[in-house]
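Chemist: Quick check, what structure comes out for this input:
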Amino acid sequence: MAKYYPEEVIEEIIEKNDIVDVVSDYVKIKRKGKDYFGLCPFHNEKTPSFSVVPSKQIYYCFGCGKGGNVLNFISSIENVEYIDAIRMMADRAAVALPESNDRGERERSGYIKKLIEINTEAARFFHAKLNENQDALTYLKNRKIKDSIITRFGLGYAPDSWDSLLKHLTSKGYAERDIMSAGLLKKGKASYYDSFRNRIMFPIIDMRNRVIGFGGRILSGEGPKYINSPETPAYNKSRSLYGINVAKNSKAERMLIVEGYMDCIAIHQAGFSNCVASLGTALTRKQASILKKLVPEVIIAYDMDPAGRNAALRGLDLVASIGCDVRILEMPEGKDPDDYIKLNGNDAFGRLIDKSLPLVEYKAKLLRDKYNINDVNGRRKYLNGIAKAISQVNNAIDREVYIDRIAKVHGIPAESIKDEVSKHLGESEAVIVDRSRRLTTAIHIETDNEIKNFMSIAAIMCARPELVEYAVREIGSGIIDNERFVELFTDIVQRVENKGVSDAAIIMENLSERERELFSSEVAFAETSADMRKTLEEKIVQYKKAVMNRRIMKLTAELDKRTGLDEDEITRLQGELAQAFEALRILKKK
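Modeler: Numbers count the residues shown, from 1 in each chain. From the prediction side, this is the model:
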């Protein structure tokens with residue numbers, strides 16, 4: 001992250017945004033001893049396990065494991081990119097960020113900011129006009145939309161006038177050409193006129209709570225039922241999800257996706273805040289990436305009529321391909337979520353969500369409807385189609401479950417289905433169970449242990465500077481062979497030697513999310529622990545063991561291949577392997 005802004009700027013932003021003050025804006029925390037505690041905003045809990053450590057300027061939840069510095073907190077709580085968290089905290093602390101050296105990028109960024117300002121002022125205008133138009137209010141009342149939901153989503157009304165918005169925005173100093181660039185004006189033969197007229201307005205707000213575009217539903221008269229903002233420098237339909245500004249704060253483990261504005265609003269009103277609208281039938285890769293960052297599971301509640309089904313399924317395959325668990329909520333024929341909730345109630349809709357089908361099972365259902373499985377040819381096509389669907393499942397265990405289930409239902413040997421799935425995957429069972437694959441998995445496990453123990457050592461050094469000299473002596477040279485860890489270890493040592501403190505909040509800047517959670521956990525623990533010397537001793541031994549185990553397995557894998565190795569190289573590897581085994585034997589005695 002430091003590549004965006006100089007390290008000294010990041011440090012200033014962290015120093016000027018006290019973590020207790022910032023967290024207090026989002027979480028009710030109470031002081032207990034030196035630290036603060038409250039209910040975690042990142043998972044549901046009844047007993048406070050979320051801690052803020054003022055002396056280290058970090059937070060850590062003992063329940064879910066989330067932790068980091070003030071920038072990490074804002075990035076997580078606001079569901080924004082880390083770079084955006086830096087900008088938000090820079091604004092809060094009045095820290096001037098250096099401008100990009102790219103003039104074109106500066107100009108583009110400034111212009112997008114102007115369009116956002118225009119959209120925001122337009123949203124305020126539409127919202128104010130809603131309360132002045134009884135027909136618009138009556139329409140929303142008849143749709144049973146509550147005042148609280150109108151406010152939450154910033155619903156509005158575009159007057160049945162050619163230029164009311166134009167006059168309002170120009171009176172605020174905005175130029176006609178910029179208002180048009182925001183998608184709010186059209187150009188006639190003689191003059192500009194409002195794009196949205198006599199319509200219920202739905203502001204489209206992004207993850208950063210910026211108004212980037214609009215959707216408008218006609219209230220009466222002729223014209224398209226819905227019109228939307230065109231693509232602009234501020235609004236890209238393929239990267240946007242309606243309602244994401246509200247849904248991002250849901251603590252649910254899954255996200256419900258619908259097609260339209262009103263369906264999304266109705267579902268939120270029914271108590272399901274984990275819902276967005278995709279602004280179209282086919283999900284894009286960027287939309288899928290946004291969803292993947294928020295939840296592990298998505299549930300699609302589209303009108304899956306034959307016309308739009310193929311496009312929708314392509315989008316769902318894309319979501320599944322990046323690691324999301326995809327399920328399909330089948331609405332009763334002729335009903336959309338809004339209608340269903342009105343007729344059957346919130347609880348019934350909740351039960352419908354719980355009955356949603358996994359993507360593979362939904363595809364199997366479509367295949368059953370398409371082919372006659374009592375016919376030999378139809379049955380073959382049906383099973384081949386299912387094998388292809390199963391092959392698109394990322395998780396190997398899930399694939400096995402589906403294979404066994406299909407085999408039992410249709411009385412076919414599981415191995416036959418597995419062979420067909422393997423053909424689609426382009427891999428053989430022999431490769432999957434290959435010794436080198438198992439070794440690679442084992443290496444990953446030991447590397448994971450290595451990371452855990454090293455983060456513990458680094459955190460203890462930060463929390464207890466008086467133990468740094470001991471850590472340097474015990475770890476010695478040549479043990480840390482990860483270049484990034486060498487830099488981190490050296491940075492901590494130098495900070496303690498030069499300043500007497502380690503700046504734990506700054507150290508976190510170069511850690512990955514998982515490393516940061518491990519690190520902040522150990523720092524929080526060290527603040528309350530009496531005997532950290534003993535803990536440090538244990539962690540150093542465990543770290544050395546993990547390093548040696550990893551080296552042994554990598555050397556074994558290299559010797560197993562032997563391809564391209566001459567006799568001297570094999571002798572060298574065997575010697576290194578013997579040394580690693582001896583080092584591990586000595587460590588096991590400790």
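
Chemist: Could you report the neighbour count for the closest residue to Gly156 other than its chain neighbours?
Modeler: Nearest non-adjacent residue to Gly156, counting by Cβ to Cβ, 6 or more residues apart in numbering: Phe126, 2.7 Å away. For the C-beta atoms, the positions are set from N, CA and C on the backbone; glycine is no exception. When counting by other Cβ atoms under 10 Å, one arrives at 26 neighbours for Phe126.

Chemist: same thing with the one 10 residues further on?
Modeler: Other residues lying near Ala136 total 25 when counted by other Cβ under 10 Å.

Chemist: Show the contacting residues for it.
Modeler: Contacts for Ala136 were tallied using Cβ atoms under 8 Å, 6 or more residues apart in numbering; they are Leu130, Tyr157, Ile200, Leu219.

Chemist: who are the neighbours in contact with the second one?
Modeler: With contact set as Cβ under 8 Å, 6+ apart, Tyr157 has these partners: Phe126, Lys129, Leu130, Glu132, Asn133, Ala136, Arg199, Ile200, Met201, Leu219.

Chemist: List buried residues within the residues you listed.
Modeler: Phe126, Lys129, Leu130, Asn133, Ala136, Arg199, Ile200, Met201, Leu219 (16 or more other Cβ atoms under 10 Å).

Chemist: from these, which ones fall inside helices?
Modeler: Judged by DSSP state H, the subset of the buried ones among the contacts of Tyr157 located in helices is Phe126, Lys129, Leu130, Ala136.

Chemist: Spit out the contact partners of the third one.
Modeler: Read it as Leu130. If you count contacts by Cβ under 8 Å, 6+ apart, Leu130 has them with Ala136, Leu137, Ile150, Leu155, Gly156, Tyr157, Met201.

Chemist: can you redo the residues you listed as a markdown table with pLDDT?
Modeler: Shown next, in a markdown table, are these (pLDDT from 0 to 100):
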| residue | pLDDT |
| --- | --- |
| Ala136 | 96 |
| Leu137 | 96 |
| Ile150 | 96 |
| Leu155 | 97 |
| Gly156 | 97 |
| Tyr157 | 97 |
| Met201 | 98 |
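
Chemist: Tell me which two of the contacts of Tyr157 sit farthest apart.
Modeler: Glu132 and Arg199 (14.6 Å; Cβ to Cβ).

Chemist: Number of residues surrounding the residue lying closest to Ile116 once chain neighbours are set aside?
Modeler: Using Cβ to Cβ, 6+ apart and skipping residues adjacent in sequence, the residue nearest Ile116 is Arg210, 4.9 Å away. For Arg210, the number of neighbouring residues by other Cβ under 10 Å comes to 18.

Chemist: and if you look at Gln579?
Modeler: Count around Gln579 with other Cβ under 10 Å applied: 14.

Chemist: swap in Asn131?
Modeler: So Asn131, with other Cβ under 10 Å, has 12 neighbours.

Chemist: In the protein, what helix or strand scores lowest on average pLDDT?
Modeler: Lowest on mean pLDDT, DSSP states H and E among the helices and strands of the chain sits helix 429-432, with a mean of 38.

Chemist: hang on, the earlier thing: can you check the pLDDT for the residue nearest to Gly156?
Modeler: On pLDDT, Phe126 comes in at 97.

Chemist: Now for it: which residues touch it?
Modeler: Gly156, Tyr157, Ala158, Leu165, Phe196, Met201, Pro203, Phe214.
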